[in-house]
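Visitor: how would this look folded up:
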Amino acid sequence: MPATGGRASDRNVSDSPAVTQIADHGAIGNLETIALVDTAGTIDYLCWPCLDSPSVFARLLDAGKGGHFSIEPDLDGARVVQMYVPETNILMTRWMGTQASVDLVDLMPVGDNRNEVPPRLVRRITCTRGRATVRIRCAPRFDYGAVGRAASVTASFTADENGSAPGVSRGRFDHETGLALALHGKGTLVADGQDLVAEIELAEDETVSLVLSNPDDVSLGASALDAVVEKDIAYWRNWSRQSMYRGRWRETVERSAMLLKLLTSRKHGSIAAAATFGLPEAPGGVRNWDYRATWIRDSSFTVYALLRLGYQGEAVDFLHWAMDRTSECTDGSIGVMFALDGGPVSSERKLELSGFEGAGPIVVGNDANIQVQHDIYGALLDAVYLGSKYGEPPSHDSWQNIIRVVDQVCETWQTPDSGIWEVRGPTKHYLHSRLMSWVAVDRAVRLAQKRSLPAPLVRWAETRTAIHDDIWANFWDETLGRFVRATGDTPADRAVDGALLMMPLVRFVGPTDPKWLATLDAIGADLSDDGQVYRYKIDDGLPGQEGTFVACSFWYVECLARAGRLDEARFNFEKLLAHGNHLGLFAEEIAQDGTFLGNFPQGFSHLALISAAFYLDRALDDGGPRAWG
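Guide: Numbers count the residues shown, from 1 in each chain. As a prediction, the model looks like this:
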């Protein structure tokens with residue numbers, strides 16, 4: 001990757017489609033919400049003011065009614081590149097034409113503390129060479145595209161001839177959000193029905209800025225805007241430089257870590273699974289889920305990835321949030337997912353959006369919120385264990401909550417569930433669920449022993465042994481010579497599953513154990529497509545062909561490395577990185593033609609990338625596998 005902080009997207013403006021592909025986007029955010037900016041400089045996805053609020057821009061899901069915020073320099077045939085300002089989540093889009101060039105900088109300032117500033121979207125346009133006309137259209141469509149609201153210009157002050165009194169033009173939209181837009185510099189906003197528009201001619205070195213916020217927060221002067229940008233650069237660079245990773249793929253790992261940081265809620269400490277809702281996991285199909293919530297599993301894995309890099313603050317914040325959820329469950333059971341503020345996730349409801357490339361219906365909310373998924377306890381207890389090791393030990397009250405959780409696992413581990421992949425059908429006895437139940441009890445035993453915490457250690461240890469023996473007795477198929485995904489006699493039950501790749505990663509089985517290696521070979525033969533791994537190949541009751549699952553593909557790399565197959569692991573890893581977008585970001589899945597599928601950017605994909613890069617780098621330095629590293 002170049003020193004610009006991301007690979008360039010090279011496009012010709014005249015060839016730009018009206019709506020871009022999922023991969024043709026960068027992400028910006030303020031730890032409250034995230035916007036997607038395409039390689040033509042258009043924001044076509046943003047929920048406001050929070051990540052799980054209704055959308056105001058959703059052209060990515062419906063070109064006609066979703067809403068967008070476009071900035072279009074009139075530069076025929078211009079080459080366009082897009083990159084992040086180094087070590088930041090500030091995005092730059094550059095148009096380079098024969099007669100002129102224009103830069104666009106997009107950011108959502110974070111500020112110094114949780115209550116310092118209201119949410120802002122700042123867009124700064126600079127003509128860096130020649131003269132250019134820039135067309136601006138801010139076209140929000142509120143409540144998931146259900147309504148538009150009349151736009152109006154509320155004030156305009158023209159810059160004086162000497163530039164000592166810079167111009168400002170303000171407009172707003174007639175909606176309860178109070179959303180307003182201010183244009184700082186030359187040019188004037190004009191109301192065009194439900195949109196605010198402007199056309200500005202910029203000379204070399206001239207800059208105009210657009211601030212989307214609430215009406216009482218749009219009166220920033222030029223110097224104040226400069227300070228906002230510089231402060232945000234300093235924030236992200238200070239955060240980025242806390243990383244302890246110095247390996248071969250430093251910029252790749254850095255970008256993944258910064259994406260995980262974008263998914264964290266500064267206000268609550270929770271971590272979203274992805275930035276979006278409704279992006280399809282199968283072309284034109286119905287697999288269009290809402291990922292703007294905190295899954296206990298995904299977030300706990302994120303804690304593991306961030307702790308490996310030295311980011312203790314985010315891990316501690318999430319574990320505090322998670323312990324609050326355990327305190328609300330007096331029987332020790334925890335919900336699969338929660339809203340970012342810790343409340344319940346709503347049931348699914350359909351929206352009147354056509355869907356990305358016609359993939360519908362689009363829903364918000366998630367009906368998996370009522371499922372039972374035993375594996376979440378193992379993910380959570382592993383995060384608690386690592387948080388105690390590298391962050392802070394659990395408080396007395398938190399430990400009492402943990403005891404209830406582990407006792408509940410001891411009571412329920414033998415019951416069927418819906419599994420990690422949230423299959424919407426009959427519950428089953430899944431190997432991965434058994435495995436992570438074992439992890440939950442194992443990490444609780446280890447934590448109690450290391451911290452001298454009171455616990456029913458004998459009972460827990462007996463349960464840990466019972467789960468271990470059950471896995472070997474019921475999920476190892478002697479005839480097939482491999483582990484299988486579930487108990488039962490159907491071909492689907494006896495198949496392998498991408499989740500089995502977690503077995504050596506959580507230290508249940510040695511990475512070079514012959515029976516594990518046989519399973520790894522079966523996953524490679526049955527689920528891998530040139531190193532990209534499907535999570536399963538069974539009929540799950542839903543139409544459409546999923547793509548390969550990015551997290552499973554990176555788990556596969558790590559398992560190969562742990563098995564000592566370093567050349568194969570490295571080659572697969574590099575091929576996977578080549579499938580990232582121009583900024584090094586990944587969605588949930590990759591289609592057979594290499595396009596992205598699923599919600600984007602996806603935390604699960606990036607945390608698995610970090611883990612694989614971390615282990616593979618150390619193994620290459622050592623010249624061989626690190627059996628339990």
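Visitor: So what's the residue count around Asp375?
Guide: 25 (other C-beta atoms under 10 Å). All C-beta atoms are positioned from the backbone trio N, CA, C, and that covers glycine.
Visitor: Then the one 10 residues further on?
Guide: A count of neighbours around Tyr385, defined by other C-beta under 10 Å, yields 22.
Visitor: go on, Gly130?
Guide: The tally of other residues near Gly130 (other C-beta under 10 Å) stands at 15.
Visitor: so it sits right up against Ser101, yeah?
Guide: Yes. Using C-beta atoms under 8 Å, Gly130 is in contact with Ser101, at 6.9 Å.
Visitor: Is Leu183 in a helix, a strand, or coil?
Guide: Classification of Leu183 using DSSP: H, G, I helix; E, B strand; the rest coil returns strand.
Visitor: Ala27 now?
Guide: strand.
Visitor: show me the contacts for it.
Guide: The contact partners of Ala27, by C-beta atoms under 8 Å, 6 or more residues apart in numbering, come to Ile34, Ala35, Leu36, Val37, Asn89, Leu91, Leu259, Leu262, Ala275, Leu585, Pro601.
Visitor: now those in CSV, with pLDDT and secondary structure?
Guide: As requested, the contacts of Ala27 are exported to CSV (pLDDT from 0 to 100; DSSP: H, G, I helix; E, B strand; the rest coil):
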residue, pLDDT, secondary structure
Ile34, 98, strand
Ala35, 98, strand
Leu36, 98, strand
Val37, 98, strand
Asn89, 98, coil
Leu91, 98, strand
Leu259, 98, helix
Leu262, 98, helix
Ala275, 98, coil
Leu585, 98, coil
Pro601, 98, coil
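Visitor: could you flag which of those residues are buried?
Guide: Using 16 or more other C-beta atoms under 10 Å as the burial test, the contacts of Ala27 include Ile34, Ala35, Leu36, Val37, Asn89, Leu91, Leu259, Leu262, Ala275, Leu585, Pro601 as buried.
Visitor: The last one is in contact with Ala587, isn't it?
Guide: So that's Pro601. Yes. Applying C-beta under 8 Å, one finds Pro601 in contact with Ala587, separated by 6.9 Å.
Visitor: Please enumerate the strands of the stretch 501-629 of the chain.
Guide: For the stretch 501-629 of the chain, the strands defined by DSSP state E, counting those that start in this stretch cover 528-529, 532-533, 548-549, 589-590, 596-597.
Visitor: Nearest to Asn401, out of these?
Guide: strand 548-549 (32.1 Å; C-beta to C-beta).
Visitor: Return the list of helices and strands in contact with the closest one.
Guide: On a contact count with 3 or more C-beta pairs under 8 Å, 6 or more residues apart in numbering; DSSP states H and E, strand 548-549 meets strand 532-533, strand 589-590.
Visitor: Note down every partner strand of that strand and its orientation.
Guide: Here strand 548-549 is paired, per DSSP bridges, with strand 589-590 (antiparallel).
Visitor: Tell me how far the partner strand lies from the chain's centre.
Guide: Chain-centre distance of strand 589-590: 14 Å, with C-alpha atoms, centre = their mean, to the nearest Å.
Visitor: if I look at Pro344, how far off is Leu319?
Guide: 21 Å (C-beta to C-beta, to the nearest Å).
Visitor: So these two - more neighbours on which side?
Guide: Per other C-beta under 10 Å, whichever of Pro344 and Leu319 has more neighbours is Leu319, with 24 against 13.
Visitor: Return the residues in contact with the more buried one.
Guide: Val303, Ala383, Val384, Gly387, Gly391, Pro394.
Visitor: Leu61 too?
Guide: By C-beta under 8 Å, 6+ apart, Leu61 lies in contact with Tyr45, Ser55, Gly145, Gly278, Leu279, Leu353, Ser354, Gly355, Phe356, Ile362.
Visitor: Go through those and say which is closest to Gly378.
Guide: Nearest to Gly378 among the contacts of Leu61, with distances taken as C-beta to C-beta, is Leu279, at 28.2 Å.
Visitor: who touches the helix or strand hosting Val153?
Guide: Following DSSP states H and E, one finds Val153 within strand 151-157. Contact with strand 151-157 is made by 138, 165, 167-174, 180, 188-196, 215, as judged by C-beta under 8 Å, 6+ apart.
Visitor: Among the residues you listed, name the buried ones.
Guide: Looks like those have 138, 167-173, 180, 188-191, 194-196 buried, using 16+ other C-beta under 10 Å.
Visitor: By pLDDT, give me the weakest of those.
Guide: Lowest pLDDT among the buried ones among the contacts of strand 151-157: Gly167, with 83.
Visitor: Please determine how far that residue is located from Leu189.
Guide: 11 Å.
Visitor: Need the overlap of contacts for these two.
Guide: Common neighbours of Gly167 and Leu189 (C-beta under 8 Å, 6+ apart) are Ser156, Leu183.
Visitor: Was I right to think Leu31 contacts Pro109?
Guide: No. Assessed by C-beta under 8 Å, Leu31 is found out of contact with Pro109, at 10.3 Å.
Visitor: Can you pull the residues that touch both of these two?
Guide: Counting by C-beta under 8 Å, 6+ apart, Leu31 and Pro109 have no shared contacts at all.
Visitor: Rebuild the buried ones among the contacts of Ala27 as a markdown table, extending it with distance to Asp226.
Guide: Shown next, in a markdown table, are those (distance: C-beta to C-beta, whole Å):
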| residue | distance to Asp226 |
| --- | --- |
| Ile34 | 24 |
| Ala35 | 21 |
| Leu36 | 26 |
| Val37 | 21 |
| Asn89 | 19 |
| Leu91 | 18 |
| Leu259 | 27 |
| Leu262 | 23 |
| Ala275 | 28 |
| Leu585 | 28 |
| Pro601 | 29 |
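Visitor: which residues of the stretch 151-300 of the chain fall in helices?
Guide: Secondary structure of the stretch 151-300 of the chain, counting by DSSP state H, counting those that start in this stretch: helices at 222-240, 250-262, 296-309.
Visitor: Relative to Gly419, which of the ones you listed is closest?
Guide: Gly419 sits nearest to helix 296-309 of all those, at 10.9 Å, using C-beta to C-beta.
Visitor: the inter-axis angle of the closest one versus helix 250-262?
Guide: Counting by axes from the mean of the first three to the mean of the last three C-alpha atoms, to 10 degrees, helix 296-309 lies at 140 degrees to helix 250-262.
Visitor: tell me which strands and helices helix 296-309 is in contact with?
Guide: Packing partners of helix 296-309 (3+ C-beta pairs under 8 Å, 6+ apart): helix 250-262, helix 312-327, helix 375-390, helix 603-622.
Visitor: could you dump those helices to a markdown table with distance to Trp399?
Guide: As requested, the helices and strands packed on helix 296-309 are arranged in a markdown table below (distance: least, C-beta to C-beta, whole Å):
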| stretch | distance to Trp399 |
| --- | --- |
| helix 250-262 | 27 |
| helix 312-327 | 9 |
| helix 375-390 | 9 |
| helix 603-622 | 26 |
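Visitor: Of the ones you listed, give the one that comes closest to Leu542.
Guide: helix 603-622 (19.2 Å).
Visitor: what mean pLDDT does the closest one have?
Guide: Mean predicted lDDT for helix 603-622 stands at 97.
Visitor: what about the helices of the stretch 151-300 of the chain, which gets the closest to Cys50?
Guide: Closest to Cys50 of the helices of the stretch 151-300 of the chain, according to C-beta to C-beta: helix 250-262, at 13.4 Å.
Visitor: With just CA atoms, put that closest one into CSV.
Guide: Provided in CSV are the C-alpha atoms of helix 250-262 (Å, rounded to 0.1, in the frame of the first residue of the first chain):
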residue,chain,number,x,y,z
ARG,A,250,1.4,-2.6,9.1
GLU,A,251,-0.8,-0.3,7.0
THR,A,252,-3.3,-3.1,6.3
VAL,A,253,-3.6,-3.9,10.0
GLU,A,254,-3.8,-0.2,10.8
ARG,A,255,-6.7,0.4,8.4
SER,A,256,-8.5,-2.6,9.8
ALA,A,257,-8.0,-1.4,13.4
MET,A,258,-9.3,2.1,12.4
LEU,A,259,-12.4,0.5,10.9
LEU,A,260,-13.1,-1.4,14.1
LYS,A,261,-12.7,1.9,16.0
LEU,A,262,-15.2,3.5,13.7
